[in-house]
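Asks: Sharing a sequence plus its predicted fold:
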Amino acid sequence: MQFSNAAMLASNALSTVNVLIVNEGLSVVAGFAILVVGWILATWAKRWMAVALEHVPLDLTLKPLLASLARYVILIITVVLVLGQFGVQTTSLIAVIGAAGLAIGLALQGTLSNVAAGVMLLVLRPFRVGQFVQAGGVSGTVREIGLFTTLLITRDLIYISVPNSAVWSGVITNYTREPLRRINFTLPVDFVNDLDQVEKTILDALKANAHVLKTPEPWVGVSELQEYAVQMFVRCYIKSDDYWKALPSIQKDVKTALDKNNVLIAVARQAPIIRTEPAMPGNTAREESATPTHPPLEGGSKSSTRSGATANGREEKISGRG
């Protein structure tokens with residue numbers, strides 16, 4: 001009797017285990033399948049969104065962000081479905097997510113500050129994709145503004161990723177936001193030049209350059225009178241996109257025009273200095289004397305002569321009889 005009861009209990013337990021294994025196994029397989037399908041759909045959705053937004057008249061700064069948001073939304077829905085497959089209640093899930101979000105937020109405070117800075121960059125838009133800026137200590141052309149980093153390409157084609165917090169917390173200089181840009185430089189010319197001719201020569205060179213705009217008009221004037229030069233101040237306006245091509249072209253044309261009109265560029269001058277040094281090293285104020293020997297004078301008398309140069313160049317002569 002006892003043996004039959006034990007066998008019955010074992011059979012029931014085995015049946016229960018089989019049911020649990022089958023049910024839970026199906027749940028695990030279904031959850032894994034939902035996760036894989038959701039991940040694939042999220043990746044495809046991002047690509048489809050990026051392709052679809054190419055034909056939409058929308059700011060280039062927002063297009064990568066919207067594509068990424070579509071992917072994250074699908075991933076969140078996938079995680080909720082997987083957890084629901086295992087019997088997790090939605091209300092409990094929201095509470096767990098809230099607590100986990102608070103803990104993760106405290107742990108990843110620096111990372112979340114990049115997200116907040118990225119949102120501010122997208123809302124206020126101090127720069128856009130394709131503009132040349134200086135931010136976060138580096139300069140380059142903006143390729144993408146993400147939730148965590150801003151991607152820049154330097155003039156020598158170097159890829160730079162700058163955290164959004166560093167960009168937002170520092171000074172942002174946008175070189176191409178305005179359609180026009182002014183070029184300023186100084187040019188030293190010699191005092192012997194006719195300043196009216198110099199101004200006319202530089203203005204003619206500026207107006208002949210294809211990059212210089214007619215309006216506002218270029219301007220040339222005297223900015224400073226230095227010891228050996230007259231500083232000429234040159235100012236003209238160009239399109240912002242043409243800056244790197246216009247600057248060397250304008251300076252070259254100005255230099256060529258000055259050479260053709262025989263305008264002298266100021267250079268540092270050196271005046272020769274002639275110094276008279278003593279024949280022998282030492283203190284020139286000290287007397288140097290010499291005693292030459294002379295033949296005896298007539299009448300048997302002897303004389304000795306001593307001559308020397310004093311400090312003021314006078315000669316002294318001493319004679320004596322023996």
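Replies: Perfect, thanks for sending it.
Asks: Roughly how far does residue 49 sit from residue 40?
Replies: As judged by C-beta to C-beta, to the nearest Å, residue 49 and residue 40 stand 15 Å apart. For glycine as for every other residue, the C-beta is placed from the backbone atoms N, C-alpha and C.
Asks: what's the neighbour count on residue 101?
Replies: By the criterion of other C-beta atoms under 10 Å, residue 101 has 10 neighbours.
Asks: Confirm that it sits in a helix.
Replies: Yes - secondary structure of residue 101 (DSSP: H, G, I helix; E, B strand; the rest coil): part of a helix.
Asks: Model confidence for it, exactly?
Replies: Listed pLDDT for residue 101 reads 71.
Asks: picking that back up, look at residue 49 and residue 40 and report which has more neighbours.
Replies: Counted by other C-beta under 10 Å, residue 49 and residue 40 do not tie: residue 49 has more neighbours, with 18 against 12.
Asks: Figure out the helix or strand that residue 222 lives in.
Replies: If you go by DSSP states H and E, residue 222 is part of strand 219-225.
Asks: ok, for residue 166, nearest residue in space, not its chain neighbours?
Replies: Of all residues not flanking residue 166 in the chain, residue 136 sits nearest, at 4.1 Å (C-beta to C-beta, 6 or more residues apart in numbering).
Asks: Per-residue pLDDT of the one you found, please?
Replies: If you check residue 136, the pLDDT there is 90.
Asks: That one contacts residue 165, doesn't it?
Replies: No - because the distance of 9.0 Å does not satisfy C-beta atoms under 8 Å, residue 136 is recorded as not touching residue 165.
Asks: Surely residue 203 touches residue 221?
Replies: No - contact criterion C-beta under 8 Å: residue 203 and residue 221 do not qualify, at 10.3 Å.
Asks: Settle it for me: which of the two has more neighbours?
Replies: residue 203 (18 against 12).
Asks: got the contact list for the more buried one?
Replies: 218, 220 (C-beta atoms under 8 Å, 6 or more residues apart in numbering).
Asks: could you give the angle of the host helix or strand of it to strand 219-225?
Replies: For residue 203, the element it lies in under DSSP H and E is helix 195-208. With axes from the mean of the first three to the mean of the last three C-alpha atoms, to 10 degrees defining the directions, helix 195-208 sits at 140 degrees from strand 219-225.
Asks: Pull the distance from helix 195-208 to the chain's centre.
Replies: 34 Å (C-alpha atoms, centre = their mean, to the nearest Å).
Asks: now it: mean pLDDT?
Replies: Rounded mean pLDDT across helix 195-208 is 95.
Asks: can you give me the helices for the stretch 101-250 of the chain?
Replies: Counting by DSSP state H, counting those that start in this stretch, the stretch 101-250 of the chain has helices at residues 109-124, 164-169, 195-208, 243-260.
Asks: Can you give the domain ranges for this protein?
Replies: What automatic domain parsing lists as the domains of the chain is 2-107, 118-174, 180-260.
Asks: Turn those domains into JSON lines, columns for distance to residue 270.
Replies: Below are these laid out as JSON lines (distance: least, C-beta to C-beta, whole Å):
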{"stretch": "domain 2-107", "distance to residue 270": "58"}
{"stretch": "domain 118-174", "distance to residue 270": "40"}
{"stretch": "domain 180-260", "distance to residue 270": "11"}
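Asks: tell me the angle the strand holding residue 222 makes with helix 243-260.
Replies: Going by the same axes, to 10 degrees, strand 219-225 makes 70 degrees with helix 243-260.
Asks: Go through strand 219-225 and flag the buried ones.
Replies: By 16 or more other C-beta atoms under 10 Å, the buried positions in strand 219-225 come out as residue 220.
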